[in-house]
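S.K.: Can you look at this prediction? I've put the sequence above it.
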Amino acid sequence: MYNNSRKKTLEEIPLVPTAIWSCTDENCRGWMRDNFVFSVVPVCSLCQSEMVKGEKMLAAVTNTSPLQIKL
Ligand SMILES: [Zn+2]
């Protein structure tokens, strides 16, 4: 027999649909939360392409950087 008592290391973070802007360049993964955008259409800080508004399932956190890059 073996001891199957591995500890949980990952906390379950609830995901909520969040308004975001995503880069229009298919090869670019830049996006940002809508919270950080003002009244103008933003440009991607990675490739300077236009960004489109969308929605993304994100962890319900409040302290995030303006631009998040998911590699
Ligand atoms: Zn981009």
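M.R.: That came in fine, so what should we check first? Everything quoted here is computed from the prediction, not taken from an experiment.

S.K.: tell me which parts of this protein are close to the ion?
M.R.: The chain has residues 23, 25, 28, 30, 44, 46, 47, 49 near the ion, with proximity defined as C-beta under 5 Å from the ion. Where you see a C-beta, it was placed from the backbone N, CA and C, and this is true even at glycine.

S.K.: unless I'm mixing things up, the last one is touching residue 27, no?
M.R.: Just to be clear, that refers to residue 49. No - in this structure, residue 49 is not within contact of residue 27 by C-beta atoms under 8 Å, at 9.7 Å.

S.K.: who's more crowded, those two?
M.R.: Comparing residue 49 with residue 27 by other C-beta atoms under 10 Å, the one with more neighbours is residue 49, at 15 against 7.

S.K.: so what's the more buried one up against?
M.R.: Counting by C-beta atoms under 8 Å, 6 or more residues apart in numbering, residue 49 touches 23, 24, 25, 28, 43.

S.K.: that's a strand at the third one, yeah?
M.R.: Pointing back at residue 25 there. No - applying DSSP: H, G, I helix; E, B strand; the rest coil, one finds residue 25 to be coil, outside a strand.

S.K.: among the contacts of residue 49, which ones are buried?
M.R.: Among the contacts of residue 49, the ones that count as buried by 16 or more other C-beta atoms under 10 Å are 23, 28.

S.K.: quick one: which of the contacts of residue 49 is nearest residue 58?
M.R.: For the contacts of residue 49, the minimum distance to residue 58 (C-beta to C-beta) is 16.2 Å, reached by residue 23.

S.K.: can you pull the contacts of that closest one?
M.R.: The contact partners of residue 23, by C-beta under 8 Å, 6+ apart, come to 29, 30, 31, 44, 46, 47, 49, 51.

S.K.: Residues in a beta bridge with it, which ones?
M.R.: Judged by DSSP bridges, the bridge partners of residue 23 are residue 51.

S.K.: low-confidence ranges in this protein?
M.R.: Filtered on pLDDT under 70, the chain yields the residue ranges 1-10, 36-39, 61-71.

S.K.: Would you map the helices across it?
M.R.: Assigned by DSSP state H, the chain shows no helices.
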